[in-house]
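# 3D model of this:
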Amino acid sequence: MKTGLITSDTYKNHDTGPGHPEQIARVSVIEDNFKKLNNKNLLWKKPSKVSDEILLTTHNNDYINMVKSSFPKKGFSSLDGDTIISPGSKNATLDAVGSIITAIDGVENKEFKNAFCPVRPPGHHAEKSKAMGFCIFNNVAIGANYLIRKYKYKKIAIVDWDVHASNGTADIFYDNEKVLLISTHQYPYYPGTGSEQEKGKFNNILNIPLPAGTSSEEYLNAFERVLKKLKEFKPEFILISAGFDAHKNDPLAQFNLNTEDYYTITFRLLKASKRFCAGKVVSILEGGYDLQALQDSTKRHVDALLEFN
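This is a model prediction of the structure:
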């Protein structure tokens, strides 16, 4: 079977202004690279339209309305100190959500085995009623709630390997026993959450905080805890908040992973997932701010997805 690649050109209209690290090129370098490689086992798809009903599974109505009314007619506006929006941000934001919905439907309908969604804006810092850290709607959380509502799953795992703790996803699923969140991240660091003491109401959050300077070997050793927890939980579907900012060249953090590590952790996760969810895995782009590292690391991530088909 194929691997789905779900994205939309609307990301190009989400203009965050000159010098902003969450820039248009983050997705264009990924897209251009996959187009150049022209792998016949990659199935490209556009995102579906997203209804308010889908957004309301995760964010409250007042917040959704506030966001929709905040997109400026021209120039720039901001939802927080880091989260800049422009007129084209609305469609990009909704298409980012739509991408994970399309990816999930594609896996469930057996159009492809697994999928990667290179989209922006990212999502994992967005809380139920708060934009934060470049994130507006929490794409991966909406995907998890969609799996629960539409496909009646009772065990969803979210693995977040972005270098920043997934405060938004933790906020949304703190008291939801159907969702396990596992987050590896630099600590203490932005956003200041993600200690081992944060476990969720049902012991459904596993934070694996690691210090600045963490090496590949140290990270891969720690990642064994991710796999152990997955084996205990036995999820029916796995979603990945796939940030690539733990790379040693990334300007926004201080981990020392290399490009090949993203193949390794993806392959290990897929191998583990085969036992309990038949390899049903969808990943969505979060962070990653060195363009070359991002291009190379996403390729190796997708190489593992393709190989495991």
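
# Skipping adjacent residues, who's closest to residue 184 in space?
In space, and not counting its chain neighbours, residue 184 is closest to residue 208: 4.5 Å by Cβ to Cβ, 6 or more residues apart in numbering. Yep, even glycine has a C-beta here, placed from its N, CA and C like the rest.

# For that neighbour, what is the enclosing helix or strand?
In the assignment (DSSP states H and E), residue 208 maps to strand 205-210.

# OK, contacts around residue 67?
79, 93, 131, 136, 137 (Cβ atoms under 8 Å, 6 or more residues apart in numbering).

# re the thing from before, my read is that the residue nearest to residue 184 contacts residue 181, right?
No - with contacts counted by Cβ atoms under 8 Å, residue 208 stays clear of residue 181, the gap being 11.2 Å.

# Between those two, tell me which one has more neighbours.
It is residue 181, of residue 208 and residue 181, that has more neighbours when counted by other Cβ atoms under 10 Å, with 28 against 20.

# for that one, what are its contacts?
By Cβ under 8 Å, 6+ apart, the contact set of residue 181 is 157, 158, 160, 166, 169, 170, 173, 200, 204, 205, 206.

# Parallel or antiparallel, list what pairs with the host helix or strand of the first one.
Secondary structure assignment for residue 157, by DSSP H and E: strand 156-160. According to DSSP bridges, strand 156-160 has the following sheet partners: strand 179-186 (parallel), strand 237-242 (parallel).

# out of those strands, nearest to residue 46?
Among the strands paired with strand 156-160, the nearest to residue 46 by Cβ to Cβ is strand 237-242 (19.7 Å).

# quick one on the thing from earlier: adding distance to residue 101 and mean pLDDT, write the strands paired with strand 156-160 out as a markdown table.
Output for those, formatted as a markdown table (distance: least, Cβ to Cβ, whole Å; pLDDT from 0 to 100):
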| stretch | distance to residue 101 | mean pLDDT |
| --- | --- | --- |
| strand 179-186 | 17 | 98 |
| strand 237-242 | 12 | 99 |
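
# could the ones you listed go into JSON lines alongside distance to residue 85?
JSON lines is the format used below for the strands paired with strand 156-160 (distance: least, Cβ to Cβ, whole Å):
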{"stretch": "strand 179-186", "distance to residue 85": "25"}
{"stretch": "strand 237-242", "distance to residue 85": "21"}
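
# do you know which of those lies nearest residue 104?
Smallest distance to residue 104 across the strands paired with strand 156-160 (Cβ to Cβ): 7.8 Å, for strand 237-242.

# The residue most central in space within the chain: what's it in contact with?
Taking Cα atoms, centre = their mean, the centroid of the chain lies closest to residue 241, which sits 2.7 Å from it. Residue 241 makes contact with 123-124, 140, 158-162, 166, 169, 183, 283-284, 286, according to Cβ under 8 Å, 6+ apart.

# if we go to 6 Å?
Applying Cβ atoms under 6 Å, 6 or more residues apart in numbering to residue 241 gives the contacts 124, 140, 160, 162, 166, 286.

# ditto for residue 299
By Cβ under 6 Å, 6+ apart, residue 299 lies in contact with nothing.

# Could you name the specific helix or strand carrying it?
helix 291-307.

# Okay, angle between that helix and strand 237-242 too, please.
160 degrees (axes from the mean of the first three to the mean of the last three Cα atoms, to 10 degrees).

# Now do helix 291-307, average pLDDT.
In this model, helix 291-307 has an average pLDDT of 98.

# what comes up buried for it?
Within helix 291-307, the residues scored as buried using 16 or more other Cβ atoms under 10 Å are 293-306.

# Among these, which one sits closest to residue 14?
residue 294 (16.3 Å).

# residue contacts, the residue found closest to the closest one once you drop the neighbours it is linked to in the chain?
Distances taken as Cβ to Cβ, 6+ apart put residue 288 closest to residue 294, at 4.1 Å, once the chain neighbours are dropped. By Cβ under 6 Å, 6+ apart, the contact set of residue 288 is 243, 244, 245, 294.

# Shouldn't residue 222 be within a strand?
No - assignment of residue 222 by DSSP: H, G, I helix; E, B strand; the rest coil gives helix, placing it outside any strand.

# And the helices in the stretch 101-250 of the chain, which stretches?
Taking DSSP state H, counting those that start in this stretch to define them, one finds helices in the stretch 101-250 of the chain at 139-151, 167-173, 216-233.
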